[in-house]
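Undergrad: Here is a sequence together with a model predicted from it:
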Amino acid sequence: MWDKLKAYQAGVSQRRIADLFDDSRAAAFSVSVGDMLFDYSKTNIDSAARDMLIGLLDATGVAAKRDAMFAGVKINQTEGRAVLHTALRNLDGSPVYVDGVDVIPGVKATLDRMAGFAAEVREGRFRGQGGAITNVVNIGIGGSDLGPAMAVRALSPYHDGPRCHFVSNVDPADIAEVLAACDPATTLVIVASKTFTTIETMTNARTAKAWMGQTVTDPAAQFAALSTDPAKTGAFGIAPERVFGFEDWVGGRYSMWGPIGLSLMIAIGPDAFRAFLRGGQAMDDHFRAADWHENMPALLALVGLWHNQVCGYATRAVLPYDNRLGRLPAYLQQLEMESNGKRVSMDGADLPFNSGPVVWGEPGTNGQHAFYQLIHQGTRVIPCEFLIAARGHEDALHHQQQLLIANCLAQSEALMNGRSLAEATAIMAKKGLTGTELERQARHRVFPGNRPSVTLAYPVLDPFRLGQIIALYEHRVFVEGAVLGINSYDQWGVELGKELATALGPVVEGRESAAGKDGSTAQLVGFLRASGA
């Protein structure tokens, strides 16, 4: 099937995307879920290519793999785990079994505990030793940081709780700057580490505890933990009622639907957090029920497979024209690149094709004044994914939202249509240029166009729709991984560097020599120690 797709793509690669448009193109290559619209008509995918791509789903058994995931089958085969982040947003309580045990009662009980604690903090019933909680500091890294940090920023219009801050980097500047803005007597610190051993997180947690201990008599009383190890959280001094655990069938980068989302729940309230879960659940229901031709996550995944594995485009740019989604590209970097950045298939064999693409991006319109030059006129084709809301939360500034929309739609139009040499020549001729100078200047103003993009549009960014968006991308990752035959739910690639960093610690501290290290590493250790490390 891959060879057939590549042969077909080679035959249509010089075709102009704009030439595909007739009266039905936009509607035929768009799909809706509720009031959210996904438009993929500005790609070079036609009906024949779409049918072949959908054939990939059938050939690789994606429907059966999807059903197995939702049913609690241990599809994470390298770790022997189920993959059930969807259970965390199963608010209607239909049973889901892992090893014969229905996990939903436990999920609902944990959600209720989170809601109770969040309400206590928000209403001032849980207090710091200097009064009601005014600041919440979430200390985590990776999935324990990227998801909630992204979502808290995205939903800032709905904040009516304490201010939320996020610390992830072991770089001392990160925690120092956050703590400088907080009062230790009215700050709640949430330590997010499933094992309660993550070196960056626990280093920052100990720093925060020492900082708080300079002001209050019992700093651990103002700590909560998102962890599955009650022994370690207890040794740290955190009372059991402030420890919220989650099971091993919830991967870190998929975890903000449960306890890792506690900071978000405190910021926006339990009701708004449940609306966020409802949005994810709505996308789950659509993904499970919709025909492939109308299935938004599947079609988003197929567009990605077409661009990366078939066309050979190595990156994709995520461009939210929604400033509060400014951390979405970073969140998706982990979600997609940690999930599908693999080199072997489930059976351990080398992949015969490229795995996941490089994901990057920045909010519009900032990116237009940074890297869009390369996107429009560079030598590489970079598929773009735009996100845009019909309206913002600033009613008095609706004219600026309309300008934002115009910019977003203009970029996708310009990417597709470009500007020909003839058009550029006519423009410069009107400015009075002639001869070789006219030709030279015109060539600088040519846009090749024929560059693909998709657009996700929605009425307004609220908790429900953010839940839809995140679940959409989660299922996109699942579909791409299922088609490629890889395990999207382990992350062995992050382990080697962590192991070596632990071993290098004593060398950097001067307690051990650099003997046996390569010349570069030994030289760098020596330089940094001599410079004050």
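TA: Alright, I've got the coordinates.
Undergrad: Now for this protein, the helix or strand with the poorest mean pLDDT.
TA: helix 495-509 (a mean of 88; mean pLDDT, DSSP states H and E).
Undergrad: Can I get that one in PDB, CA atoms only?
TA: Taking C-alpha atoms only, helix 495-509 is exported to PDB below (Å, rounded to 0.1, in the frame of the first residue of the first chain):
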ATOM      1  CA  GLU A 495      16.200   7.100  29.700                       C
ATOM      2  CA  LEU A 496      19.800   6.900  28.500                       C
ATOM      3  CA  GLY A 497      20.600  10.600  29.000                       C
ATOM      4  CA  LYS A 498      19.000  10.500  32.500                       C
ATOM      5  CA  GLU A 499      21.200   7.500  33.400                       C
ATOM      6  CA  LEU A 500      24.400   9.200  32.200                       C
ATOM      7  CA  ALA A 501      23.400  12.500  34.000                       C
ATOM      8  CA  THR A 502      23.200  10.600  37.300                       C
ATOM      9  CA  ALA A 503      26.600   9.000  36.700                       C
ATOM     10  CA  LEU A 504      28.100  12.400  35.700                       C
ATOM     11  CA  GLY A 505      26.900  14.200  38.800                       C
ATOM     12  CA  PRO A 506      29.800  13.100  41.000                       C
ATOM     13  CA  VAL A 507      32.300  14.000  38.200                       C
ATOM     14  CA  VAL A 508      30.800  17.500  37.900                       C
ATOM     15  CA  GLU A 509      30.900  18.000  41.700                       C
END
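Undergrad: chain center to it: distance?
TA: 28 Å (Cα atoms, centre = their mean, to the nearest Å).
Undergrad: Contacts for it next, please.
TA: With contacts defined as Cβ atoms under 8 Å, 6 or more residues apart in numbering, helix 495-509 is touched by 199, 512, 513, 514, 517, 521, 525, 528, 529, 533. For the C-beta atoms, the positions are set from N, CA and C on the backbone; glycine is no exception.
Undergrad: Count the neighbours of the last one for me.
TA: Taking other Cβ atoms under 10 Å as the neighbour definition, residue 533 ends up with a count of 12.
Undergrad: swap in residue 48?
TA: If we define neighbours as other Cβ under 10 Å, then residue 48 has 10 of them.
Undergrad: about what we covered before: please identify which two of the contacts of helix 495-509 are farthest apart in space.
TA: Maximum pairwise distance among those (Cβ to Cβ): 22.2 Å, between 199 and 513.
Undergrad: Between these two, tell me which one has more neighbours.
TA: Remark: of residue 199 and residue 513, residue 199 carries more neighbours, 14 against 11, as counted by other Cβ under 10 Å.
Undergrad: Does the more buried one touch residue 193 like I think?
TA: No - assessed by Cβ atoms under 8 Å, residue 199 is found out of contact with residue 193, at 9.6 Å.
Undergrad: re the thing from before, among the contacts of helix 495-509, which are in helices?
TA: 199, 521, 525, 528, 529 (DSSP state H).
Undergrad: Drop anything exposed from those.
TA: residue 525 (16 or more other Cβ atoms under 10 Å).
Undergrad: nearest to residue 141, of the ones in helices among the contacts of helix 495-509?
TA: Of these, the one sitting nearest to residue 141 (Cβ to Cβ) turns out to be residue 199, at 9.1 Å.
Undergrad: just the ones in helices among the contacts of helix 495-509 now: which is nearest residue 12?
TA: residue 521 (49.3 Å).
Undergrad: for the residue nearest to the closest one when sequence neighbours are not counted, what are its contacts?
TA: Nearest residue to residue 521, sequence neighbours excluded (Cβ to Cβ, 6 or more residues apart in numbering): residue 514, at 6.9 Å. By Cβ under 8 Å, 6+ apart, the contact list for residue 514 reads 507, 521, 522, 525, 526.
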